[in-house]
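Visitor: predicted model follows, preceded by the sequence.
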Amino acid sequence: MDVLSDALAAMRTGQTRSARTDVRAPWGLRFPAVTGTTFHVVMQGTCWLLSDGPAPPLALGPGDVVFLRNGSAHALADDPVTARVEFVPERADPSSTIGQVRIDGSGARSVLLCGAYELDRTRSHPLMNELPDLVHLPARSAKHSELRHLIDLLATELEGGRPGGDGIVPALIDAMLLYILRAWIDDRSVTETGDRSSGWALALTDPAIGRALQGIHAQPAHPWTVHELAARSGLSRSVFAQRFTALVGEPPLTYLSWWRMTTAGRLLRESDAPLSAVARRVGYTSEFAFAKAFKREYGTPPGRYRRPAARVQQV
């Protein structure tokens, strides 16, 4: 089981929306706050990322990627002092996930991919909480070659006109989120001094703790014990419990319970399986015990939690 992919899938609540943004200076775009996370990729040219907060303007060049964890309000512009208009993509088909933004000026041209991933921040995975508000992956660092190759593919496909593009582009954009997170994990796993850091960046790459996390994610219904997880990790019980807690931020069985309820919420949102089946999928033999645990975690019974989710899917 790929823990990173599984954790991310549990947070996804809808399709990624994005737009190919083709602009010539002078230009400026305002992006409102969103409930998910925002990303921008500079395919060609340059621009400035402008925060609504105290952060100074950030210069971006070709191949740069920025990821705003909290989807906060911000702007992009050819120059920090350029006037800005609202970012409103045009979509030939209302159901399309890819839009177009075009501003025709007389100056230098920039081509960007701008969009947002719909993620449930009310139940965000600890890995996402560990991310900084802004992740900037500059192309000039010459790192993260897989992400660079993906951006090259996106740039080619976004030019349009080739068969299959409507299916390829959304898939590449979805994959890009995993590449962004992987790049951040790679950067965090070793500090500037060469010492190993702590937190989820290391937990996912630590062979022992990684095996325990894979077991929990692959079989959340299994009646895991600390002793069994330690044996799977090849560590003594005490050493395992200490290392797991230090890296993940909570004891093994606490994380197991949290992940079971997170999985249950996802199953209730995405399927019409009976509550008894959902309970069994996350390790409860009693539907009553499951409902009690779910209400304690979410503040609402599982049946009531499912009904609003079903209404949103029908809109």
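Guide: Everything's here; your move. As the structure is a prediction and not an experimental result, all values here were calculated from the model.
Visitor: beta-bridge partners for residue 49, please?
Guide: Note on residue 49: beta-bridge partners residue 58, residue 76, judged by DSSP bridges.
Visitor: so it makes contact with residue 76?
Guide: Yes. Contact criterion CB atoms under 8 Å: residue 49 and residue 76 qualify, at 6.1 Å. All C-beta spots, glycine's among them, are computed from the backbone N, C-alpha and C.
Visitor: overlap in contacts, these two.
Guide: residue 40 (CB atoms under 8 Å, 6 or more residues apart in numbering).
Visitor: so who does residue 41 touch?
Guide: Residue 41 neighbours (CB under 8 Å, 6+ apart): 63-65, 112-113, 151, 154, 176.
Visitor: in the protein, what helix or strand scores lowest on average pLDDT?
Guide: Counting by mean pLDDT, DSSP states H and E, the chain has its least confident helix or strand at helix 302-314, which shows a mean of 64.
Visitor: any idea which element residue 254 lies in?
Guide: Using DSSP states H and E, residue 254 maps to helix 252-270.
Visitor: other SSEs contacting the helix or strand following that helix?
Guide: Sequence order places helix 275-281 as the next helix or strand after helix 252-270, per DSSP H and E. Helix 275-281 sits against helix 252-270, helix 287-298, helix 302-314, with contacts defined as 3 or more CB pairs under 8 Å, 6 or more residues apart in numbering; DSSP states H and E.
Visitor: got the buried residues for the shortest one?
Guide: What it means is helix 287-298. Buried residues in helix 287-298, defined by neighbour count with 16 or more other CB atoms under 10 Å: 287, 290-291, 293-294, 297-298.
Visitor: tell me how far the nearest residue to residue 301 once chain neighbours are set aside lies from residue 150.
Guide: If the residues on either side of it in the chain are set aside, residue 301 comes closest to residue 295, at 5.2 Å by CB to CB, 6 or more residues apart in numbering. Separation of residue 295 from residue 150 (CB to CB, to the nearest Å): 42 Å.
Visitor: model confidence over the helix ranked longest in the chain, on average?
Guide: When the chain is scanned for its longest helix (criterion: DSSP state H), the result is helix 165-188. Averaged over helix 165-188, pLDDT sits at 89.
Visitor: stretch 79-91 now?
Guide: 95.
Visitor: also stretch 152-162?
Guide: pLDDT averaged over stretch 152-162 gives 83.
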